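A.B. asks: below: sequence and its predicted model.
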Amino acid sequence: MKRVVVILSLVVALTSCKANKITKIQVVKLAETTKSWNGDTLPNYPEGSPKITVLKITIPPKTRLHKHYHPVINSGILLKGELTVVDKGDKVLELKAGDVIVELVNKVHYGINKGNKPAEIIVFYAGTEDLPITVIEKD
C-alpha cells in the first residue's frame, strides 16, 4: 500500500512539474538550526517511543491564542496571513506567509493574528507517545 501512495505522489508531482514547466527537481532548505526563534538552544529529544504530529492550524482574524508551551521540539510554516508570536520576555517574532518558525520548547509564549484575514500554519511536532504537544498555561 505504501508503494502505491509513493508512486501516485510521484506521478502527481511529475505531472504538476510538467504543467508548471519545472524541468528538474528543486530542493529549498527552509530551516536548519539548533536554536528556536528567540535564540534559545533546542533541548535534547526526550526518551521514549517517538511520535510525530503534523497539524494545520487556522487562526481567525483579530484572535489571540492562549499562553502555552510545547514540551517537544516543533517547527512550522505560515501558509497564509500574518502571525505575531510573543515570548514571556516580550521578544516578538512577526511572520508573514511563507515564513518558517522553529518554536520555543518549554517556554511560555502566545500567538496573535492582528490581521483581517485568517492565518494558516502547518506545524510539525517531534515528541514521544507520553508527552503532550501543547500545554495551556493557567491564568
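C.D. replies: Looks like it arrived, so ask away. These numbers come from a predicted model, not from an experiment. Residues are numbered from 1 along each chain as shown.
A.B. asks: for this protein, just list every one of the strands.
C.D. replies: For the chain, strands defined by DSSP state E occupy the ranges 50-59, 63-64, 68-69, 73-80, 82-87, 92-96, 100-102, 109-113, 119-128, 135-136.
A.B. asks: what average pLDDT does the second one get?
C.D. replies: Predicted confidence along strand 63-64 averages 98 (mean pLDDT).
A.B. asks: by contact count, what packs against it?
C.D. replies: Packing partners of strand 63-64 (3 or more Cβ pairs under 8 Å, 6 or more residues apart in numbering; DSSP states H and E): strand 109-113. In this view, the C-beta of every residue, glycine as well, is placed from N, C-alpha and C.
A.B. asks: name the helices or strands packed onto the strand it packs on?
C.D. replies: strand 63-64, strand 68-69, strand 82-87.
A.B. asks: can you tell me which of those is nearest to Ser49?
C.D. replies: When the helices and strands packed on strand 109-113 are compared by Cβ to Cβ, strand 68-69 sits nearest Ser49, at 21.9 Å.
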